[in-house]
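1. My questions are about this predicted structure, shown below with the sequence.
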Amino acid sequence: MPPKPFPTHFLCVPIVTPSSRPQLALSLEAFAVDVTNPASFGVPREAIRPVGTLHLTLGVFAFPRDKDEGLKKATQLLKSLKVKDLLPTPVPPAPIVQAGEKPTATGPPTLTLRGLASMQSVHKTSVLYAPPVDPDGTLQAFCERVRRIFQEAGLLVEDTRPLLLHATILNTVYAKGVERSEGVGQPRKSFHRRRERLTIDAQGILERYEDQVWLENFKVTKIAICKMGANKIVVDGVEDEVYEVVAETDIYAT
């Protein structure tokens with residue numbers, strides 16, 4: 001059996017901008033202060049993702065490290081996208097158009113992140129994420145169309161799972177060195193380890209944050225290719241982490 005390809009880059013919808021950062025940072029910091037408190041859930045602080053790393057992943061690349069042909073091809077494909085053509089047409093009920101009038105063009109999808117969900121079993125999970133509110137499926141359809149183009153070009157790592165749009169809020173892989181402790185997730189519950197990854201009982205956290213609004217009415221304007229491995233930076237005097245953007249395209253420009 002051939003070895004699993006090592007991921008090097010990923011295709012994503014960036015959601016951290018100068019306009020969205022304040023709301024995301026405020027929401028995430030309040031969450032971190034609460035769930036890391038030993039009197040609350042006692043989650044390790046390292047498990048909370050830095051605000052600059054938040055994004056919606058559309059797919060993963062595994063380019064050979066000794067060649068840049070794959071990355072060049074992916075970049076060229078990204079730049080060639082007619083992103084406006086990928087936007088879904090409006091679904092009924094549509095605005096009434098008078099005779100002789102032209103229907104209003106579809107704008108970029110908007111994104112609201114609300115609530116919290118578990119990537120695995122709620123009682124033994126390592127990843128919690130904020131799902132997008134997408135009642136008419138516009139954002140989902142747009143992202144699936146973008147992903148399909150890169151899949152058909154043979155650039156993405158093969159993945160037959162349905163596209164799950166999510167912004168990772170908590171991932172215990174970054175806290176795997178923390179010692180076993182009591183009081184995580186639920187009172188008198190302990191850490192569980194599976195292949196050295198810390199897991200938590202997140203039922204209480206999910207219940208408390210089921211209506212949490214992390215980001216509201218954010219306009220999706222870009223698609224990007226980022227390099228795996230976040231880099232530490234300082235924004236307005238606060239430490240943060242971001243992924244290096246190696247290529248991006250703007251919906252309005254294409």
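-> Yep, that arrived. It should be emphasised that the depicted structure is a prediction, and the values quoted were computed from it without experimental measurement.
2. ranges for the helices of the stretch 51-200 of the chain?
-> 69-80, 83-86, 138-152 (DSSP state H, counting those that start in this stretch).
3. right, and those helices - which one's nearest P5?
-> With C-beta to C-beta, the closest approach to P5 among the helices of the stretch 51-200 of the chain belongs to helix 69-80: 10.9 Å. Placement of C-beta: from N, CA and C, glycine included.
4. in that closest one, what counts as buried?
-> 70-71, 74-75, 77-78 (16 or more other C-beta atoms under 10 Å).
5. pLDDT on it, on average?
-> On average, the pLDDT along helix 69-80 is 94.
6. Which strands and helices lie in contact with that helix?
-> In terms of contacts (3 or more C-beta pairs under 8 Å, 6 or more residues apart in numbering; DSSP states H and E), helix 69-80 is packed against strand 9-14, strand 55-61, helix 138-152, strand 222-227, strand 245-250.
7. CA atoms only for it, dumped as PDB, please.
-> As requested, the backbone C-alpha atoms of helix 69-80 are provided in PDB (Å, rounded to 0.1, in the frame of the first residue of the first chain):
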ATOM      1  CA  GLU A  69       5.300  22.300 -10.900                       C
ATOM      2  CA  GLY A  70       2.200  21.300  -9.000                       C
ATOM      3  CA  LEU A  71       2.000  24.500  -7.100                       C
ATOM      4  CA  LYS A  72       2.500  26.500 -10.300                       C
ATOM      5  CA  LYS A  73      -0.300  24.600 -12.000                       C
ATOM      6  CA  ALA A  74      -2.600  25.100  -9.000                       C
ATOM      7  CA  THR A  75      -1.800  28.900  -8.900                       C
ATOM      8  CA  GLN A  76      -2.400  29.300 -12.600                       C
ATOM      9  CA  LEU A  77      -5.700  27.500 -12.300                       C
ATOM     10  CA  LEU A  78      -6.700  29.600  -9.300                       C
ATOM     11  CA  LYS A  79      -5.900  32.800 -11.200                       C
ATOM     12  CA  SER A  80      -7.800  31.600 -14.300                       C
END
